[in-house]
Structures are given as C-alpha cells and as structure tokens.
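> sequence plus the predicted model coming up.
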Amino acid sequence: MSQIIDVEHLNYRYPQQAADQLTLTDISFTVAAGEWVAIVGHNGSGKSTLAKNLNGLLAPVSGKITIDGQVLSEQTVWDIRRKIGMVFQNPDNQFVGATVEDDVAFSLENQGIPRDEMLSRVAEALAQVDMQDFATREPARLSGGQKQRVALAGMIAARPQILILDEATSMLDPEGRAEVLQTIQQMKADSDLTVLSITHDIDEAANANRVLVVNDGHLVEEGTPAEIFQHGPALIKMGLDMPYPERLKAALARLGVQVPATYLTEKGMADWLWQLRSNK
Ligand SMILES: Nc1ncnc2c1ncn2[C@@H]1O[C@H](COP(=O)(O)OP(=O)(O)OP(=O)(O)O)[C@@H](O)[C@H]1O
C-alpha cells in the first residue's frame with residue numbers, strides 16, 4: 001500500500017501563543033491509502049488542530065506534510081483540499097446551501113460535475129445517510145444529528161480520496177452512529193477511501209486499522225485498536241470511553257477474579273466467561 005498522508009516533524013502554534021509554546025510538537029506519522037486511522041486524545045490535546053493542518057486551514061511553524069505525493073504549500077493547498085473531505089463536530093459552520101440538496105450538491109458544482117450525474121449522486125448520498133425525505137428542507141432547521149448526516153452526505157457525494165471526521169458522529173444516537181460507520185465502511189470497500197477519524201467513541205476507534213494517541217500536542221502512542229484497548233482504565237486518560245468487555249474485566253478483577261491480561265472482544269469475553277463457569 002502506498003502512503004497517502006505523510007507528516008514529518010510537524011510543529012504548530014496559534015498566532016496568539018508565546019514563542020516558546022506549541023500546540024503540536026514534533027508530530028510524525030504516515031497513513032497508507034485505504035487505511036482507517038483513528039486519532040484519540042483528551043479534550044484540548046490538539047487533534048482538531050492537527051486535522052486543520054492536514055488540509056492547510058492552518059499553516060505549521062515547521063515540518064512537512066505530503067498528501068498523495070504533493071507537498072502541502074500555498075501553491076498546492078487548493079489541489080490538496082479537493083482530495084480531502086472534512087466533517088466537523090459542529091456542522092453549522094459548514095452549510096452553504098439554502099436547502100439540504102443544494103448543500104450536498106455544492107462541492108459537486110465546484111468540481112464541474114454534469115447536472116444529471118450531480119442529481120443522482122446527491123439523491124444517492126442522502127439515501128445513504130437516511131435523509132432523502134429532507135432534501136428540500138432548510139439545513140438550519142434540522143437537529144444536530146440530522147445536520148451531521150447532511151454534512152456526511154456532502155462528503156459521500158463529493159467522493160474525496162481522504163475523509164477526515166472530526167467528532168463527526170458525536171451528535172448521533174448509537175444506532176445512527178452505527179449506520180454512518182457502516183456507510184463509511186461501504187465507501188471504503190467501494191473505493192480506496194482513506195479515513196482519519198478523530199473520536200472519543202470506542203466503537204468508531206474499533207473500526208480503525210490503527211489508532212494514534214495524542215496527548216498535550218505530542219503523538220504518544222500508536223497501535224492496533226486491540227493493542228490500545230488493552231490499556232483498560234488508562235484509556236479514559238487517553239480521551240476514550242472504555243469498551244464494555246474491559247469495564248467488565250476491571251469489575252471482575254476488583255472482586256478478586258483472575259482475568260486475562262490480553263484484550264477481549266465481546267465475543268472473546270463471552271467465550272472466556274463460559275470457560276470460567278465450566279471450570280467451576
Ligand atoms: N483558534 C484557536 N486559537 C487559539 N488557541 C486555540 C484555537 N483553537 C484551539 N486552540 C487551543 O489549542 C489546543 C488544542 O485544541 P484542539 O481543538 O486542537 O484540541 P482537540 O484535541 O481537538 O480538543 P477537542 O476534543 O475538545 O476538540 C487547546 O488548548 C485549545 O484551547
């Protein structure tokens with residue numbers, strides 16, 4: 001797999017920060033095309049700042065960002081933005097259309113997609129997020145979760161190479177979140193979509209091939225979801241909720257039950273519990 005994102009020694013400071021302070025310090029990582037990488041970390045650790053550096057919304061103090069072979073610079077930023085779709089936690093600031101369908105069509109108009117194709121892509125994208133009945137509504141009047149679905153539909157229709165989700169499912173209920181994650185998995189299966197998801201949601205992180213942990217502007221750890229989930233209670237410090245089997249394991253350990261040290265999925269936990277019971 002070729003690398004689609006390459007970040008080397010990225011340092012970032014907001015203009016109002018003192019010269020000796022940084023919001024991001026020496027961040028380096030790569031993402032392969034088609035990979036799903038989750039970025040976790042507690043509030044204020046710098047995850048959104050990192051995402052905004054990747055598409056040139058913020059310019060680093062130093063370091064190098066390469067997206068799909070192009071080094072990010074003033075000259076390449078517009079090309080690079082066309083390759084990256086971003087969905088933020090609060091989609092309010094992202095709406096540009098008077099109606100939901102206009103909004104979803106907006107990025108396609110900019111790409112010069114023919115009208116017939118545009119209409120079918122918009123309808124398809126709205127159906128994928130279950131918002132087809134809201135096509136002619138005003139985005140401002142939707143609920144938070146519906147707005148997130150519309151913002152996601154915009155990205156689905158635009159078909160970017162890289163999708164960055166910044167807490168983009170946070171306003172959805174668990175069922176809505178699972179549906180959206182499934183839609184993104186489907187987009188990944190249909191194309192070589194690369195996903196970078198910033199999240200506190202353990203299920204969203206579990207979808208990833210790899211998890212990066214950011215703490216106080218530093219990249220402190222990197223591993224598969226199973227490796228990261230093994231941290232148990234320390235996950236909360238990392239800004240993640242603990243997965244259910246890990247919470248159950250911690251509760252059993254407190255009761256003096258000898259629990260496996262390795263990470264258990266829900267199925268793994270059920271199997272282990274059966275085994276424990278039959279050994280009695
Ligand atoms: N526009 C800004 N100007 C100055 N400082 C900022 C700005 N935006 C964020 N910060 C600061 O930069 C740090 C990192 O913020 P950032 O939003 O990147 O963190 P985060 O990990 O995404 O947090 P959250 O999970 O709450 O979204 C925080 O200390 C925050 O207060």
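Yep, it's here. Note that the structure is predicted; figures quoted are calculated from it, not measured.

> can you report phi and psi for residue 188?
Phi and psi for residue 188, reported as degrees, to the nearest 10, are phi -70, psi -40.

> quick one: it from residue 77, how far?
25 Å (CB to CB, to the nearest Å). Using the backbone N, CA and C atoms, a C-beta is placed for each residue, glycine as well.

> how about residue 24?
Counting by CB to CB, the gap between residue 24 and residue 77 amounts to 18 Å.

> what about the two, which has more around it?
Each of residue 24 and residue 77 has its neighbours counted (other CB atoms under 10 Å); residue 24 has more, 25 against 15.

> show me where this protein has its helices.
Using DSSP state H, the helices of the chain run over residues 47-54, 77-83, 100-111, 115-128, 144-158, 174-190, 202-206, 225-229, 234-237, 244-254, 266-278.

> list the buried residues in the second one.
By that I understand helix 77-83. 80-81 (16 or more other CB atoms under 10 Å).

> next: the fifth one.
Counting neighbours by 16+ other CB under 10 Å, one finds that the buried residues in helix 144-158 are 145-158.

> follow-up on the earlier one: pick the most deeply packed of the helices of the chain.
helix 144-158 (a mean of 24; mean count of other CB atoms under 10 Å).

> quick one: list the elements packing against that one.
strand 84-87, helix 100-111, helix 115-128, helix 174-190 (3 or more CB pairs under 8 Å, 6 or more residues apart in numbering; DSSP states H and E).

> residue nearest the centroid of this structure?
residue 197 (1.3 Å; CA atoms, centre = their mean).

> I figured that one hits residue 168, correct?
Yes: applying CB atoms under 8 Å as the test, residue 197 and residue 168 come out as touching, 7.4 Å apart.

> picking that back up, so which of the helices and strands packed on helix 144-158 is nearest the ligand?
strand 84-87 (12.9 Å; CB to the nearest ligand atom).

> the closest one near the ligand anywhere?
No: judged by CB under 6 Å from any ligand atom, strand 84-87 makes no contact with the ligand; its nearest approach is 12.9 Å.

> can you list contacts of that strand?
With CB atoms under 8 Å, 6 or more residues apart in numbering as the test, strand 84-87 has contacts from 51, 54-55, 67, 94, 107, 148, 151-152, 154-155, 158, 160-166, 168.

> now do stretch 244-261
Here stretch 244-261 has contacts from 229-230, 232-233, 235, 242, 263-266, 268-269, 272, 276, using CB under 8 Å, 6+ apart.

> the ligand contacts on this protein?
Selection of the chain residues close to the ligand by CB under 6 Å from any ligand atom yields 14, 16, 23, 41, 43-49.

> how about residue 46, what does it touch?
Counting by CB under 8 Å, 6+ apart, residue 46 touches 12, 23-24, 214, 216-217.

> quick check on those: which are buried?
12, 23-24, 214, 217.

> rewinding a little: tell me which two of the contacts of stretch 244-261 sit farthest apart.
The distance between the two most remote of the contacts of stretch 244-261 (CB to CB) is 23.6 Å, for 235 and 276.

> quick check: residue 95 vs residue 198, distance?
Relative to residue 198, and taking CB to CB, residue 95 is found at 21 Å.

> circling back: by pLDDT, give me the weakest of the contacts of stretch 244-261.
Looking at the contacts of stretch 244-261 by pLDDT, the weakest one is residue 242, with 66.

> that older thread, go through the contacts of residue 46 and flag which are in strands.
Of those, the ones assigned to strands by DSSP state E are 12, 24, 214.

> dump these to CSV, plus distance to residue 138.
Shown next, in CSV, are the ones in strands among the contacts of residue 46 (distance: CB to CB, whole Å):
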residue, distance to residue 138
12, 36
24, 37
214, 36
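
> between these, which is nearest residue 203?
Closest to residue 203, out of all of the ones in strands among the contacts of residue 46 and judged by CB to CB, is residue 214, at 19.5 Å.

> identify the bridge partners of that closest one.
Residues in a beta bridge with residue 214, per DSSP bridges, are residue 219.

> you'd agree it is up against residue 44?
No: using CB under 8 Å, residue 214 makes no contact with residue 44, being 10.3 Å away.

> among the contacts of residue 46, which two are most distant?
Spanning the widest gap among those are 12 and 216, at 13.1 Å by CB to CB.

> contact partners for the nearest residue to residue 148 once chain neighbours are set aside?
Excluding its sequence neighbours, the residue lying closest to residue 148 (CB to CB, 6 or more residues apart in numbering) is residue 171, at 5.1 Å. Residue 171 sits next to 89, 143-145, 147-148 when contact means CB under 8 Å, 6+ apart.
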